[in-house]
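Engineer: only geometry, no sequence info:
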């Protein structure tokens, strides 16, 4: 099914009957990424799953989005498609959107399951800053034909440096989605956590290097009604790595 929100065509599915439950996927994922969770929880709830703009079958944004733009899409989806307050399960990037949504529009959000949620500013080491400033330097050189030739003569290829810079997620993107990625990952949402009133379950994989357990500990401290569960032998997709344990914990929390 599709709906148009803020001039964006959004793809979504609905499965099951009962109280509403909205699933929000991570960066680079889509509706099917939540398939096991959707199938199991739709036995007890009416589950809504959307493709964020630029992912799955949803239309790519017409301009570079920030987290707030994705949030406004979800807000309108809840108001116009779901039509009532809903519980939310989110993963990774979906956690960023849920942090803003629940802090800005608490009347729309019930219980929240933050799964390997992003949104906390990571610690940056010397290696990170060396890579960032090398990229900026190379990008500046690439604009000057003479300087490119000079540095290439001594073994420094500015264009190659730019092409290979950034994370794997960044390199896979192009155009608007690359600009969107930069805006999204550079926003620290920690200040919004204190405004979240929804009961929140925080689930993190102990081996997650993308959104480490440290993020969950910060969220547990800042959100007024939150509890942290760390799943052993699980990484960034803890809900898949330890699905039986994950879904059992979630079902208890949601009361299904």
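Structural biologist: It's in. Predicted, not measured: the structure shown is a model, and the values here were computed from it. Residues are numbered from 1 along each chain as shown.
Engineer: going forward, measure contacts between C-alpha atoms and count neighbours the same way
Structural biologist: Fine.
Engineer: quick one: pLDDT of the closest residue to residue 232 other than its chain neighbours?
Structural biologist: Spatial nearest neighbour of residue 232, chain neighbours left out: residue 206 (5.4 Å); criterion: CA to CA, 6 or more residues apart in numbering. pLDDT for residue 206: 98.
Engineer: can you pull out the helices in this structure?
Structural biologist: 35-41, 67-77, 93-104, 126-141, 145-153, 158-163, 168-172, 175-185, 213-222, 238-241, 243-254 (DSSP state H).
Engineer: tell me which strands and helices the third one is in contact with?
Structural biologist: Helices and strands touching helix 93-104, by 3 or more CA pairs under 8 Å, 6 or more residues apart in numbering; DSSP states H and E, are helix 67-77, strand 109-115.
Engineer: Of the helices of the chain, which shows the lowest average pLDDT?
Structural biologist: Looking at the helices of the chain, the weakest mean confidence is helix 126-141, a mean of 45.
Engineer: Am I right that residue 210 is in contact with residue 237?
Structural biologist: No - assessed by CA atoms under 8 Å, residue 210 is found out of contact with residue 237, at 9.9 Å.
Engineer: Would you mind splitting this structure into its domains for me?
Structural biologist: Following automatic domain parsing, the chain resolves into domains at 2-121+188-254, 126-180.
Engineer: Need the winner for burial among those domains.
Structural biologist: domain 2-121+188-254 (a mean of 19; mean count of other CA atoms under 10 Å).
Engineer: And it, end to end?
Structural biologist: End-to-end distance for domain 2-121+188-254, by CA to CA, to the nearest Å: 27 Å.
Engineer: Let's have the helices and strands packed on helix 93-104 in JSON lines, adding distance to residue 42.
Structural biologist: Converted to JSON lines, these look like this (distance: least, CA to CA, whole Å):
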{"stretch": "helix 67-77", "distance to residue 42": "19"}
{"stretch": "strand 109-115", "distance to residue 42": "16"}
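Engineer: Nearest to residue 192, out of those?
Structural biologist: Closest of those to residue 192 is helix 67-77, at 12.2 Å (criterion: CA to CA).
Engineer: other SSEs contacting that closest one?
Structural biologist: Packed next to helix 67-77, using 3+ CA pairs under 8 Å, 6+ apart, are strand 2-5, helix 93-104.
Engineer: can you list these in TSV and add distance to residue 15?
Structural biologist: Formatted as TSV, the helices and strands packed on helix 67-77 follow (distance: least, CA to CA, whole Å):
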stretch	distance to residue 15
strand 2-5	14
helix 93-104	19
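Engineer: Nearest to residue 230, out of the ones you listed?
Structural biologist: Nearest of the helices and strands packed on helix 67-77 (CA to CA): helix 93-104, 16.4 Å.
Engineer: what does stretch 91-100 contact?
Structural biologist: Contacts to stretch 91-100, defined as CA atoms under 8 Å, 6 or more residues apart in numbering, come from residues 24-27, 67-68, 70-71, 88, 90, 114-119, 189, 192-193, 196, 211.
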